[in-house]
Structures are given as structure tokens and as C-alpha cells.
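>>> Take this sequence and fold it.
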Amino acid sequence: MERFQTGKCTSSELVLVRYLVHKFREDEPSGLSELELKDVREEIRNAIDRELAFVVPIPKRLLRLNIRGAVLAAATVAFMVLFVYFFKDSLHYKRFPNDIGPGSNRAVLVLSSGETIRLEGANIGLLAMQADTRIVKTGDGKIVYTDHPGGASIAEMNRIETPRGGNYKISLPDGTMIWLNAASTLAYPISFNGRGERRVKLSGEAYFEVSKDRSKPFLVESNGQVVQVLGTHFDVRCYADDSEARTALLEGSVSLTTSPVGPSSLNMMGMSALQNHVLLRPGEMAMNSIGGIKVKQVDLASVVAWKDGAFSFRNESMENIMKQISRWYDVEVVFENKNIANLSFGGSISKYENLSNVLHMLELTGDVKFKLEGRKVIIL
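Below is the predicted model:
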């Protein structure tokens, strides 16, 4: 590990370090079945064997087994040391000139009257009164709506907008908690009184913990789809520049209905085709694109890591990773090497690290290099 830090690793040592960083994440379960773990172990053995074949003479099968066993044992130690050494102590991160700090708790509240309130600069306490609804900023950095149950129905809608490099938390009048990610907008009624449903509109990404109310289903409109629940925890990502909308369910149940977009959504009469509809179970993600809806099992910890202050990627394309980094650090991303965009990466790091630290973590895989010019990240 000392040789790795100073750039003096042998070729086989460097391959081993790169492989371990690429395949594992710190302090998190792998999410793999026993069969998958067996396959990964065999893949590691084969990779090490291939490297040893180039740098170590192996005249006998017995010697080969002994060397491989020693390297595998060393790999276990190296894996533990690597994450403690590089991911726990930010002093060992590579530094880019003109480093960029992380995003923060920032948003703008737009009232139905058109009045805007910049939340990061607003005083703690009452922000506004709209009919019987109070809007309060709390000391822990969120806004809370409260109204009188059974009060008059109010048609007006408010919205909250997070900029690039910002996020915010909001509690709606029914007690539903919503975490809004960077570059996102949520529109919602001032009160749910007199309504048969609780309907909000989302652009961007948000995590929902919906308060249960069987008499009023909770609906999220986003990018041509509608998610309906009675009370549950789920995440919706629907940025305009993403190729698909993603809905992941943590607990409860979710009904997802969507009209396909694009030419394939029209029938021979030019009319909209039938809607797609799926029911999600906890641990599943629905991916809605022009080709329809696909459902798969996902690592939920990675999906909602942003809410808890981290980036966590698991077999995510570099293109999608850099979109998240671009939104949070408010930077432009340029792929000079177009082949990197579709490569898959994995790793975890606090999203409150400076940009240099995040880029350095990705560089440790050995498959990508970055250059930082002003607020432009160039992928070499």
C-alpha cells in the first residue's frame, strides 16, 4: 500500500489494487447471492492467475496454488487497508487545482401568488400564511406545512425548486416527508382539504415517505407517468436529460401507470396506445423509457444514498454517474473519450467531499482520468 501511494507498485500489485477498488465498496453488503459470490471469487482467482502468469515463473502446479493462495490472502488485507487508508482519510486524495466544494441545503419556495422566498437565507420560524395553512422553516433546515383538518378547500398550488448544487426537505400538510434532490421541482397543493386525492408534480428526483390515508391516495406525476400509493417509501428520478424515469420502492406497495412516449406510443389511428401498468414490490425498480417499463431488483441503499448524504454507485454507467456529479457540484461535464461513457463503475463516498475527492475515487479504478478546468470536468 505504501508503494501504491507513492506510485511504485509492480505491474501485478497495481492490477490487484485496481481490481479490488473496482469490485468492492466500503462497509456495505455486496447484495450478491451465494452463487454470485462464488462466481466473483472465481473471477478474482482467474484475474490474479492471469497476472501472475506474466510476472512469476510457475514450474509446478503446487507452487501455483501456493502463490495464488498467498496473493488471495494478501488481497484480503489489501482490500481492508485500501478503504481505511484512502476513503477514511481525505488527506490522501489527489487534489485538483481550483477545487470545487459540494452542494448544500438550498431551495426557492414559490408561493401561489408568485412571491418567492430563498430558503437558505430565510429566518427560522413562520415564512407565510395562506388561508388556514402555515408555512414554517425549522431549525434543522426544512419547511413544514400545517393546516386545520376539515378546513376549506384551497385550489392554489405552491412549488419548491432546488438549484444545481442544492437539496431540501419538505413536510406537506398531511405529514408526508419529501427529500428533493438537486435541480428538481415539486409542485403541490397548499392543503389537501376537500380533495379526493393527494396529487403532486415532480421534475427531477425526490424521495417520499408518504403518510397513510386510505381515503386519499397519494399520486406523483412525473415525466409522463403516475405513481400511486396509500402510504409507503419510494424514490422517483425523472430528469429531462435522462433516457428513462426510475421509480424504486423501499416499503409498502406502488402502482405505476405510464403512457409510452415517442412514435411507438401511437397506434395505427395515430391515437395514444394503451397505458402500461405495473405493481412494484419492495426492492424493485421500474425503469420507464420509450421501450416501455422494465422492472428489476436493485440495491436500495445505492438508490437512496443521495438522501443520506452519499454517492453510491453499483454497476452504474459513467454517463449517469457524471450527470449526478454535474447536478450536485454544478459543473459542466465533457467526455473527450466517448468510450468511457458506457463503462460501468461502482463505489461509495460522501457527497459532502470536495469534487477532487470524488473524482479521485473514480480514478482509482484505473479506467478513467479527469481534468478540471474552472467549472468544467473533462474526462480523458
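>>> Quick one: distance of stretch 97-115 to the chain centre.
Centroid separation for stretch 97-115 versus its chain: 19 Å, with CA atoms, centre = their mean, to the nearest Å.
>>> I meant to write stretch 141-148 there.
Relative to its parent chain, stretch 141-148 has a centroid offset of 26 Å by CA atoms, centre = their mean.
>>> Enumerate the positions of that stretch that are buried.
141-145, 147 (16 or more other CB atoms under 10 Å). Bear in mind the C-beta positions are built from the backbone N, C-alpha and C, glycine included.
>>> got these as a markdown table, with pLDDT and distance to Arg159 columns?
As requested, the buried residues of stretch 141-148 are arranged in a markdown table below (pLDDT from 0 to 100; distance: CB to CB, whole Å):
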| residue | pLDDT | distance to Arg159 |
| --- | --- | --- |
| Gly141 | 89 | 19 |
| Lys142 | 94 | 16 |
| Ile143 | 96 | 12 |
| Val144 | 97 | 16 |
| Tyr145 | 96 | 13 |
| Asp147 | 87 | 17 |
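>>> hang on, isn't His148 packed against Arg134?
No: taking CB atoms under 8 Å as the definition, His148 is not a contact partner of Arg134, at 9.6 Å.
>>> beta partners for Val334?
Per DSSP bridges, the residues bridged to Val334 are Ile378.
>>> Roughly how far does it sit from Ser243?
According to CB to CB, to the nearest Å, Val334 stands 19 Å off from Ser243.
>>> Between the two, which has more neighbouring residues?
Between Val334 and Ser243, Val334 has the larger neighbour count (other CB atoms under 10 Å), namely 13 against 10.
>>> dump the residue contacts of that one.
Val334 sits next to 376-379 when contact means CB atoms under 8 Å, 6 or more residues apart in numbering.
>>> In terms of distance to Arg198, which of those ranks first?
Using CB to CB, Val377 comes nearest to Arg198 of those, at 39.4 Å.
>>> what about that closest one, how many residues close to it?
23.
>>> Tell me which residues touch it, please.
Val377 neighbours (CB under 8 Å, 6+ apart): 322, 325-326, 331-334, 355, 359, 370-371.
>>> Could you verify my assumption that Ser191 touches Asn158?
No: look at Ser191 against Asn158 with CB under 8 Å: they stay out of range, at 10.2 Å.
>>> Compare those two and say which one has the larger neighbour count.
Neighbour count, other CB under 10 Å: between Ser191 and Asn158, Ser191 has more, with 25 against 22.
>>> for that one, helix, strand, or coil?
coil (DSSP: H, G, I helix; E, B strand; the rest coil).
>>> The closest residue to Phe370 other than its chain neighbours sits in which helix or strand?
The shortest distance from Phe370 to any non-neighbouring residue, by CB to CB, 6 or more residues apart in numbering, is to Leu359 (4.5 Å). Assessed by DSSP states H and E, Leu359 sits inside helix 355-363.
>>> can you check Leu109 too?
Assigned by DSSP H and E, Leu109 falls within strand 108-110.
>>> Go through the helix holding Leu359 and flag the buried ones.
Of the residues in helix 355-363, those buried (16+ other CB under 10 Å) are 355-362.
>>> Report all helices and strands that that helix contacts.
Packing contacts for helix 355-363, counted by 3 or more CB pairs under 8 Å, 6 or more residues apart in numbering; DSSP states H and E, involve helix 318-329, strand 344-350, strand 370-373.
>>> so which of those gets nearest Asn181?
Per CB to CB, nearest to Asn181 of those: helix 318-329, 7.5 Å.
>>> tilt between that closest one and strand 344-350?
20 degrees (axes from the mean of the first three to the mean of the last three CA atoms, to 10 degrees).
>>> Report how many residues lie close to Leu380.
11.
>>> what's the distance between it and Leu364?
From Leu380 to Leu364 the distance is 15 Å (CB to CB).
>>> what's the following helix or strand after the strand holding Leu109?
strand 116-118.
>>> Parallel or antiparallel, which strands does that next one pair with?
Strand 116-118 has these strand partners (DSSP bridges): strand 108-110 (antiparallel).
>>> which residues touch the strand it pairs with?
116-119, 127, 135, 143, 158-161, 163.
>>> hmm, try it at 10 Å
Outside of strand 108-110, the residues within contact range by CB atoms under 10 Å, 6 or more residues apart in numbering are 115-120, 122, 127-128, 135, 137, 143, 157-163, 166, 168, 170, 185, 187.
>>> follow-up on the earlier one: what sits in contact with each of Ser191 and Asn158?
Shared contacts of Ser191 and Asn158, defined by CB under 10 Å, 6+ apart, comprise 130, 133, 145.
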